[in-house]
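> Just need the structure, nothing else, for what follows:
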Amino acid sequence: MSVLFVTGTGTEIGKTVTTAALAATALARGRSVAVLKPAQTGVAPGEPGDTAEVVRLAGPQVGTAELARYPEPLAPATAARRDGLPPVRPEEIAETAAKLAASHDLVLVEGAGGLLVRFDERGATLADAARLAGAPVLVVAQAGLGTLNAVALTALALRSYGVDCPGVVVGSWPAAPGLAARCNLTDLPEAAGAPLLGRVPEGAGSLPPAEFRAQAPGWLAPALGGTA
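Okay, the predicted model is just below:
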């Protein structure tokens, strides 16, 4: 795949760190990588956003693009409306991803929050952009209780849009997983209708960048370029 969308089953579940792990793994295989953040919310102008965090962890070779930035930590459509700024359209996301793919081996498009978070007043979502781009959507999920329902709903939504889901990555795998997390390793593929493709360790984003890059391939399955 040359373009891969990355969504989460919610916020603060490790989506950006997972994106960085995907980028670091691809770079280790000699591939060129770009990361597209269609809408960055909750970050003021001039402050480092998610793409800067990916570059910090994965390396300065990563190309980046950001289509819109809204200071308030809200859904993109809401933040755009409140700030009086133009929203991001799914057509713009798909077109930008295609342009980046013309000069990079892999383009990672990181969404905002969950799959069906609204980007504009028409109700367009990341799923709309992925459908226009003809690209698959990787789902990043939590490890423990509640994740099976969230993953099943996200996978159901992707199927309703006609968008492929290559698999699921656990965005923050605890050092001492409880019973639910351990059982979910078996149950997540059934909930998603797609394989479990990786586990990013809890706290991975706090690793020194060189250590992060060295370890990242071991967190991901071969389908994502890893060795797990």
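> Tell me where the chain has helices.
Taking DSSP state H as the criterion, the chain carries its helices at 15-28, 50-58, 76-83, 90-101, 126-133, 147-161, 179-192, 209-215.
> Any chance of TSV for those helices, columns distance to residue 41 and mean neighbour count?
From N, CA and C alone the C-beta is placed, and that goes for glycine too. Output for these, formatted as TSV (distance: least, CB to CB, whole Å; neighbours: other CB atoms under 10 Å):
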stretch	distance to residue 41	mean neighbour count
helix 15-28	13	27
helix 50-58	10	21
helix 76-83	5	19
helix 90-101	15	19
helix 126-133	13	24
helix 147-161	20	18
helix 179-192	26	16
helix 209-215	25	15
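> Could you dump those into a markdown table and include distance to residue 64 and mean pLDDT?
Formatted as a markdown table, the helices of the chain follow (distance: least, CB to CB, whole Å; pLDDT from 0 to 100):
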| stretch | distance to residue 64 | mean pLDDT |
| --- | --- | --- |
| helix 15-28 | 10 | 98 |
| helix 50-58 | 4 | 97 |
| helix 76-83 | 18 | 95 |
| helix 90-101 | 9 | 97 |
| helix 126-133 | 17 | 97 |
| helix 147-161 | 25 | 97 |
| helix 179-192 | 28 | 97 |
| helix 209-215 | 16 | 98 |
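> closest to residue 169 out of the ones you listed?
With CB to CB as the measure, helix 15-28 is the member of the helices of the chain nearest residue 169 (5.3 Å).
> Show me what the closest one packs onto, helices and strands only.
Here helix 15-28 is seen to pack against strand 3-8, strand 33-41, helix 50-58, strand 106-114, strand 137-141, strand 168-173, strand 196-201, helix 209-215 when contacts are counted using 3 or more CB pairs under 8 Å, 6 or more residues apart in numbering; DSSP states H and E.
> if I pick residue 45, what's in contact with it?
Counting by CB atoms under 8 Å, 6 or more residues apart in numbering, residue 45 makes contact with 69, 71.
> one step back: nearest to residue 171, out of the helices of the chain?
helix 15-28 (5.1 Å).
> how about JSON lines for the helices of the chain, with distance to residue 140 added?
Output for those, formatted as JSON lines (distance: least, CB to CB, whole Å):
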{"stretch": "helix 15-28", "distance to residue 140": "5"}
{"stretch": "helix 50-58", "distance to residue 140": "13"}
{"stretch": "helix 76-83", "distance to residue 140": "18"}
{"stretch": "helix 90-101", "distance to residue 140": "18"}
{"stretch": "helix 126-133", "distance to residue 140": "12"}
{"stretch": "helix 147-161", "distance to residue 140": "10"}
{"stretch": "helix 179-192", "distance to residue 140": "11"}
{"stretch": "helix 209-215", "distance to residue 140": "17"}
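> To residue 222, which of the ones you listed lies closest?
Going by CB to CB, the one of those nearest residue 222 is helix 15-28, 10.3 Å.
> For the protein, identify the residue most remote from the centre.
residue 84 (26.7 Å; CA atoms, centre = their mean).
> how far away is that one from residue 180?
44 Å (CB to CB, to the nearest Å).
> before we move on, back to that, and the helices and strands packed on helix 15-28, which is most packed in?
Of all those, strand 137-141 has the most neighbours on average by mean count of other CB atoms under 10 Å, namely a mean of 27.
> I'd say residue 162 and residue 131 touch.
Yes: in this structure, residue 162 is within contact of residue 131 by CB atoms under 8 Å, at 6.2 Å.
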